[in-house]
Structure formats: structure tokens, C-alpha cells
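A.B. asks: Give me coordinates for this.
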Amino acid sequence: MSASTKISKALTSTGIRLPPLPTIRDLVKLYQLRAIKQLSQNFLMDERLTDKIVRAAGNIRDHYVLEVGPGPGGITRSIIRQNPRHLVVVEKDRRFMPTMEMLAEVAQPFMRMDIVQGDILDYRIEGAFPDCPQHDWMDKVRAPKEVAERIVAPILSDQRCRLSVMNQIWSSPDLRFMISGRAFVPKPEVDVGVVTIVPLQTPLTQVHFDTVEKVIRHIFSMRQKYCRRGVSNLFPPAVREEMTKLTFKRADVDPLARSFQLSVAECLRIVEAYDELVRQHPEIASYDYRAPKLKGAGLESDGLDSEADR
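C.D. replies: Sure, this is the predicted structure:
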């Protein structure tokens, strides 16, 4: 087998070979691109690292890929080289449009690449890939080291918090590796973690997201205190003690445990107990302990004491 044939086969097996392009560093200089602190911009110039990040997402060949905040296109190049079926990039900063358009032109013979100039928070992800047969996305995120550690933090971890439990209810997060802040331009004050987030086929609860988020937020609002303290603030003062006691009784959770000592299952039992109480007493749902207190406001406690004590 000739050397040229070996090279051709190697390129076919590993992905697309891009034609000669300006380096990311050259593009940053050419377009006089400077990182904007308000947009948390830090450029990753090392293609070995961008390739490693893309590999952490698994095999994306002939898959649908959404990249948020591609910037000058370092990770975008690594994605294109893996030959996905359809790539959509969403970039808020219009300064990067020329580099995205250049990459799209190079990619078009091999794959479809669409550029969206706008804020990802205003973008309807469901409409990104109309020909995609399903929308069970696996996410790969880059986050500051501390945030990445919190996302995956297990029970009893010093990093365990509301973010940990909320992620673990709907997904299986995995911290893949860390990247030193020195790899970025400009250098951030923290290192960066790469996390893969795979949605669970079946969510661990059927309770509405807003209710879950509300209860988990209260559970972790006083992290070093007994979890009953945070949960008690879900209820108006007139019925607080009775309903807090009833919630933990129905959930079969120790009210003297601290939030970071609770498993996801225990947190969800508290959520479901609260949700059941809201269905029985709908007026509870609108209570916010942080809101200004009105004289005479609150629920009557009649009928709750006996149930809580049973």
C-alpha cells in the first residue's frame, strides 16, 4: 500500500481534513478581537485541547451538534473535523461572524453548518434541527472548576449544592477533565472543567420543574443548618411548624439532617410531599417568605396539628 493511500484512509477514518486556514491566534489579531469581560470571553488557542474537548462528547460523526458561544472558532474547527451531519452555532457577539462565515464556507462540501447571531437564551433549541428524529441531547459544557465540581458533587461532598441535585435529577453528569487557566487568552482567574451531561431516559420525578426548583432551593438555602430550617420557609408562619413536621413525616426524611447529607431520592421525597400538600392547600403555592408581610395574612392551622402528630 502506497504512503498516499495510507494517508487518505487515515484522513477518512478520523474525519474531515480542513484546507489551510488562518490560525485562531492569527484571526484574533486580524480582526482585532479582544475578549469582553462582560461576556465572560476567554479564547482557547490550543487545537490539541479543543480536539480533546470534542472527543469528550463521544462520536459525533453524522450527528446533530449545537455549539453555544463559538467565539473565534477553535472548538468549531474541531467539531467540523469530526464530520457531524448538521452543526448550528449560536454566537451573541457579531464580531465573530466573519470567522464563522469562513468556517461555514469551508464546511459546506462535507456537512451543513448554520450560523445564528443572537443570545442563546432567546433561541428555540427545539427548532434548530427540524429533520432530527429525536431531541434527547447530550450536553458538553465548559465551566469554571468550582462550578464543574458542584454539578457532579455526590452526597456528603463539600461542593454539594442545589446545582448538584438539580442536575442529577434530570441527567447523569460526568466531570471529564480539567484545563488550566493558562491555556486561555486572556488567562482567567480560575481553571476550567469539562463536563458531559447525559439526559436520563426517564426523569426521577414527574413533579413540575418550577416546584422542584423551588423546594430544592429552600432545602439548600441554609446549608450548614438542619434542612428543616430551609424547608420551613415554604410555609406561612401560621402553619409553618405543623406543615414542616408533616412534610418530613410524609417524606420519611430526617429533619435534623443537613442539606448536603441528603441523597437525590430524599430531596425528591421532600419535593413530592410538598407538592401533595399544595394540591390539598393550593394557597400555599403562592407564599414567599421574602415578600413583605401583610397583617393577618397566612393560613389557618386548624386540622393540620392532628394529621402531623399521627
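
A.B. asks: Need phi/psi at the residue nearest to residue 252 when sequence neighbours are not counted.
C.D. replies: Counting by CB to CB, 6 or more residues apart in numbering, the nearest residue to residue 252 once its immediate chain neighbours are dropped is residue 269, at 6.4 Å. All C-beta atoms are positioned from the backbone trio N, CA, C, and that covers glycine. Main-chain dihedrals, residue 269, degrees, to the nearest 10: phi -70, psi -40.

A.B. asks: Residue 269 against residue 254, yeah?
C.D. replies: No - with contact defined as CB atoms under 8 Å, residue 269 and residue 254 do not form a contacting pair (11.3 Å).

A.B. asks: Can you list the low-confidence ranges for the stretch 51-200 of the chain?
C.D. replies: Along the stretch 51-200 of the chain, segments meeting pLDDT under 70 span 133-142.

A.B. asks: One more pass at 80, please.
C.D. replies: Counting by pLDDT under 80, the stretch 51-200 of the chain contains low-confidence ranges at 126-127, 130-143, 185-186.

A.B. asks: which residues of it fall in helices?
C.D. replies: 74-81, 97-107, 145-152, 162-170 (DSSP state H, counting those that start in this stretch).

A.B. asks: Pick the most buried one from those helices.
C.D. replies: helix 74-81 (a mean of 24; mean count of other CB atoms under 10 Å).

A.B. asks: can you give me how far it is from the chain middle?
C.D. replies: 21 Å (CA atoms, centre = their mean, to the nearest Å).

A.B. asks: And residue 55, how far from residue 78?
C.D. replies: Distance of residue 55 to residue 78, computed by CB to CB, to the nearest Å: 8 Å.

A.B. asks: Could you pull up the residues touching the nearest residue to residue 274 once chain neighbours are set aside?
C.D. replies: Distance criterion CB to CB, 6+ apart; nearest residue to residue 274, sequence neighbours excluded, is residue 215 at 5.2 Å. Applying CB atoms under 8 Å, 6 or more residues apart in numbering, one finds that residue 215 lies in contact with 231, 234, 267, 270, 271, 274.

A.B. asks: tell me the pLDDT at residue 215?
C.D. replies: Residue 215 carries a pLDDT value of 98.

A.B. asks: Roughly how far does it sit from residue 259?
C.D. replies: In this structure, residue 215 and residue 259 are separated by 11 Å, where distance is defined by CB to CB.

A.B. asks: Equivalent analysis for residue 170, please.
C.D. replies: Residue 170 sits at a distance of 19 Å from residue 259 (criterion: CB to CB).

A.B. asks: Could you do residue 268 as well?
C.D. replies: Distance of residue 268 to residue 259, given as CB to CB: 13 Å.

A.B. asks: what's the answer for residue 63, then?
C.D. replies: Applying CB to CB, the value for residue 63 to residue 259 is 38 Å.

A.B. asks: the more surrounded of the two?
C.D. replies: Set side by side, residue 63 and residue 259 show unequal neighbour counts under other CB atoms under 10 Å, the larger going to residue 259 at 25 against 17.

A.B. asks: Now do the contacts for that one.
C.D. replies: Counting by CB under 8 Å, 6+ apart, residue 259 touches 160, 219, 220, 222, 223, 227, 230.

A.B. asks: Was I right to think the fifth one contacts residue 161?
C.D. replies: Which is residue 223. Yes - using CB under 8 Å, residue 223 makes contact with residue 161 at a distance of 7.1 Å.
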